[in-house]
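Undergrad: the sequence isn't on hand, but the structure is:
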């Protein structure tokens, strides 16, 4: 089962543990179906990252080496940790894929193991991104804050402190991409925690296979988004 297949499959038709429960979704009485809600949410998130990508390309084209602007766009040497974090996210997505397959086959023990591995790797990716953030700051690509009041011709102005990113604009986009993607990783870990709790319940809860499948689908989506953003970063 490929990642693309998981993104497009119909989990309510998946046989395996709780097949009967899947026919009776656990969202009875709720105003929306979880699968439909996830699809809408992924559409919104896709639009958000497309906007970021468009702004990235426009900024690089106008003010980069090939543009006619100030030429303040500088090349970024990709830190090795960026590649390592990407590999961790790929492994995490594969683990969630395995959890979805195990859930469909009714292999509850395998599903538990792969769920734990997938979530642990997701946490490792998030920690790695924080470490990468610190490495960038230590390399001179740091967040700087002007404390106190701004001054114009010696006269202080009652304005809040300014927060800016030193260095070239490419670094600013790297921070933005890492932050926005990291927030969605946190959201995925919340869903993962809920799936783990249900997977280790005394009895198989209704809709467990569906929950695991939706969790895996969201994780695959985050991987595809990160790979796309990573490709953009390589263009600098």
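TA: Received it, and whenever you're ready, just let me know what you need. Since we're looking at a predicted model, the values are computed, not measured. Residues are numbered from 1 along each chain as shown.
Undergrad: packing partners for the helix or strand containing residue 209?
TA: According to DSSP states H and E, residue 209 maps onto helix 208-234. Under the contact criterion of 3 or more Cβ pairs under 8 Å, 6 or more residues apart in numbering; DSSP states H and E, helix 208-234 touches helix 3-8, helix 19-23, helix 34-63, helix 80-105, helix 108-138, helix 169-199. (C-beta placed from N, C-alpha, C; glycine too.)
Undergrad: got those as CSV, with mean neighbour count columns?
TA: Shown next, in CSV, are the helices and strands packed on helix 208-234 (neighbours: other Cβ atoms under 10 Å):
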stretch, mean neighbour count
helix 3-8, 14
helix 19-23, 14
helix 34-63, 14
helix 80-105, 20
helix 108-138, 18
helix 169-199, 17
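Undergrad: got a list of what residue 176 touches?
TA: Shown in contact with residue 176 (Cβ atoms under 8 Å, 6 or more residues apart in numbering): residue 52.
Undergrad: what's the distance between it and residue 128?
TA: Look at residue 176 and residue 128: by Cβ to Cβ, to the nearest Å, they are 18 Å apart.
Undergrad: just residue 38 next, same as before
TA: Taken as Cβ to Cβ, the span from residue 38 to residue 128 is 26 Å.
Undergrad: cool, residue 112 as well?
TA: Here residue 112 is placed at a distance of 25 Å from residue 128 (Cβ to Cβ).
Undergrad: try residue 193
TA: Look at residue 193 and residue 128: by Cβ to Cβ, they are 20 Å apart.
Undergrad: cool, residue 79 as well?
TA: Taking Cβ to Cβ, one finds residue 79 at 11 Å from residue 128.
Undergrad: contact partners for residue 88?
TA: By Cβ under 8 Å, 6+ apart, residue 88 lies in contact with 121, 124-125, 128.
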